[in-house]
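> Sequence and predicted structure, then a few things I'm wondering about:
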Amino acid sequence: MKLSRRSVMISAAGVAGAAVVGAPLPAFAAKTFRYKYANNLSRTHPLNVRAREMSKAIEDETHGAFKLDIFPDSQLGSDTETLNQLRSGAVQFFTLSGLILQTLLPAAGISGIGFAFPDYPAVWKTMDGKLGAYIRGQIEGSGLVVMDKIWDNGFREVTTSTKPIVTPADFHDLKIRVPVSPLWTSMFKALGASPTSINFNEVYSALQTKVVDAQENPLAIIQTAKLYEVQKFCSMTNHMWDGFWFLGNKDAWDALPKEIQTVVAKHVNEAGLKERTDVEGLNSDLQKKLASEGMKFNTPDPKPIREALRQGGFYAEWKKKFGDQAWSILEGSVGTLT
């Protein structure tokens, strides 16, 4: 018997832009699903390298029942715009920093508290432990789907076009770009800087035109976004760790048969773990590469900067905002901050 193929929009589930095609797939479903996954990183970043592998693995294991189209480089809009598309169903998956997700869901930003994590073992102990579970619960309660493993964006460093950061005084009046998140703004204001919130897809031009003189990002992003072309100094502050939650539109997720959900979740989480290893391993090589591009590196002592934040009331302010429950879970993993 010859079967015809037809495209159907999953409008009944409120999922715009997800194509469903009738097809006999006895191992999985009688329909195929084609979803969009957006992110704000370059094609060469480890996140997108692993995402392409992940997409192929999912398609192969589902025998073509699920196809994932990847849109890197903020192709579908800024972080704010894409988050809105995710919530409406125009995009089905999106990786987003918890610090930006904080604009919708305050609890998501707690992992970005300044100088909370001394190293990667502390990060994964916390984010794969009780605090990660707490944040995921908050995300799910907001009506989004979130995968178990957070992807790595890395420890963040400060770059400038004017002078290196050596002491807390070097932050005074520094025009620095920060993501659209109140936590970043609060932290750099507490250090006496002049932070400006700018979406990532506008960072290069903002630095090039001197709208701001500084920015902060992990080395992998500084390299892949070619920020070394518009910045001279890189101070290895490690002031924040940042990760990407792999988020899904709930209606789109619920439209998938359980067996496809299982395959998708498995490969997304496996890819996230591989990407973590990639990003951590890149850091030592990236410093050498960026130095060869002309960037000058230094490593300031974090203790005086952290003390300046404490004296400026930063930790007390955010303990109050996040609440005693979330703060106690964080300090239970990393030690006392206030």
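Looks like it arrived, so ask away. Note that the structure is predicted; figures quoted are calculated from it, not measured.
> Thr167 contacts Pro300, doesn't it?
Yes. With contact defined as Cβ atoms under 8 Å, Thr167 and Pro300 form a contacting pair (7.0 Å). Using the backbone N, CA and C atoms, a C-beta is placed for each residue, glycine as well.
> Looking at the two, which one has more neighbours?
Under the criterion of other Cβ atoms under 10 Å, the comparison of Thr167 against Pro300 puts Pro300 first, with 19 against 12.
> That one belongs to a helix?
No. When the secondary structure is assigned by DSSP: H, G, I helix; E, B strand; the rest coil, Pro300 falls in coil instead of a helix.
> CA atoms only for stretch 271-285 - export them in CSV, please.
The C-alpha atoms that make up stretch 271-285 are tabulated as CSV, following Å, rounded to 0.1, in the frame of the first residue of the first chain:
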residue,chain,number,x,y,z
ALA,A,271,25.9,16.1,24.6
GLY,A,272,25.9,18.6,27.5
LEU,A,273,28.3,16.4,29.5
LYS,A,274,30.7,16.2,26.5
GLU,A,275,30.4,20.0,25.9
ARG,A,276,31.4,20.6,29.6
THR,A,277,34.7,18.6,29.0
ASP,A,278,35.3,20.5,25.8
VAL,A,279,35.0,23.9,27.3
GLU,A,280,37.1,23.2,30.3
GLY,A,281,39.8,21.6,28.2
LEU,A,282,39.8,24.6,25.8
ASN,A,283,40.7,27.2,28.5
SER,A,284,44.5,26.7,28.7
ASP,A,285,44.9,26.5,24.9
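> so for it, what's the average pLDDT?
Stretch 271-285 shows a mean pLDDT of 91 in the predicted model.
> Model confidence score at Leu76, please.
Looking at Leu76, its pLDDT stands at 96.
> How many neighbouring residues does the closest residue to Lys296 other than its chain neighbours have?
Taking Cβ to Cβ, 6 or more residues apart in numbering as the measure, Lys296 lies nearest to Phe233, with 5.2 Å between them; neighbours along the chain are not counted. Burial measure for Phe233: 17 neighbouring residues, criterion other Cβ under 10 Å.
> what's across from Phe233 in the sheet?
When bridges are assigned using DSSP bridges, the partners listed for Phe233 are Thr160, Lys296.
> I figured it hits Gly294, correct?
No. With the criterion set as Cβ under 8 Å, Phe233 and Gly294 do not qualify as a contacting pair; they are 10.3 Å apart.
> where along the protein do the strands fall?
If you assign secondary structure with DSSP state E, the strands in the chain sit at 7-10, 15-22, 31-38, 66-71, 93-97, 144-146, 151-160, 175-178, 194-197, 214-217, 233-249, 296-298.
> a markdown table for those, including mean pLDDT?
Converted to a markdown table, the strands of the chain look like this (pLDDT from 0 to 100):
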| stretch | mean pLDDT |
| --- | --- |
| strand 7-10 | 34 |
| strand 15-22 | 44 |
| strand 31-38 | 96 |
| strand 66-71 | 98 |
| strand 93-97 | 96 |
| strand 144-146 | 98 |
| strand 151-160 | 95 |
| strand 175-178 | 97 |
| strand 194-197 | 96 |
| strand 214-217 | 96 |
| strand 233-249 | 96 |
| strand 296-298 | 97 |
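> Pipe those into JSON lines and attach distance to Met54 per row.
Written out in JSON lines, the entries for the strands of the chain read as follows (distance: least, Cβ to Cβ, whole Å):
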{"stretch": "strand 7-10", "distance to Met54": "22"}
{"stretch": "strand 15-22", "distance to Met54": "18"}
{"stretch": "strand 31-38", "distance to Met54": "9"}
{"stretch": "strand 66-71", "distance to Met54": "8"}
{"stretch": "strand 93-97", "distance to Met54": "11"}
{"stretch": "strand 144-146", "distance to Met54": "16"}
{"stretch": "strand 151-160", "distance to Met54": "11"}
{"stretch": "strand 175-178", "distance to Met54": "30"}
{"stretch": "strand 194-197", "distance to Met54": "31"}
{"stretch": "strand 214-217", "distance to Met54": "24"}
{"stretch": "strand 233-249", "distance to Met54": "10"}
{"stretch": "strand 296-298", "distance to Met54": "33"}
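> I am finished for the moment; much appreciated.
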